[in-house]
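Enquirer: what's the 3D shape of this:
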Amino acid sequence: VIHNFIILESTCFIQFQSRFKYLFNFLFVRYDKEELKEVIVMVDIKKGESSFFVEESGEKLAEITFFKSGDDEITVDHTVVSDKLRGQKVGNALVEKIIGFAREENLKIVPVCSFVQKQFEKNAEYEDVLAK
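Expert: Residues are numbered from 1 along each chain as shown. Below you'll find the model as predicted:
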């Protein structure tokens, strides 16, 4: 029985319960852009007024929020993924979605959210939408 599944950067922490005690296993997850595109297609990411989100039965299961912070600039201030979707790269898919949105709208992004900041650090191809 899997009790917890937590993504920490590129490491998955999986906690299994045996009959006697908890066993801890580490699994290193690597993904490429093609895999991430599949995630974006598999989950229905919707656009709100100032967010992109995934919902099921009216409940938001994942969301990335932003606000207009200049004429050609948005600030991404929060990303959250529910336990139900954790480990499925949905957070990365939300970042990809907002990057695409910024490119389409000719906007620059100010990444205030720590998760989004880390994605900018890891992905040099996002630099074209990073506000200087």
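
Enquirer: this protein: helices as residue ranges?
Expert: Counting by DSSP state H, residue ranges of the helices within the chain are 33-42, 90-104, 114-122.

Enquirer: quick one: mean pLDDT over the longest one.
Expert: Over the span of helix 90-104, the pLDDT mean works out to 94.

Enquirer: which one of the helices of the chain lies closest to Phe66?
Expert: Phe66 lies closest, by C-beta to C-beta, to one member of these: helix 90-104, at 6.5 Å. For glycine as for every other residue, the C-beta is placed from the backbone atoms N, C-alpha and C.

Enquirer: would you mind listing the buried residues in the closest one?
Expert: Val90, Gly91, Asn92, Ala93, Leu94, Val95, Glu96, Lys97, Ile98, Ile99, Phe101, Ala102 (16 or more other C-beta atoms under 10 Å).
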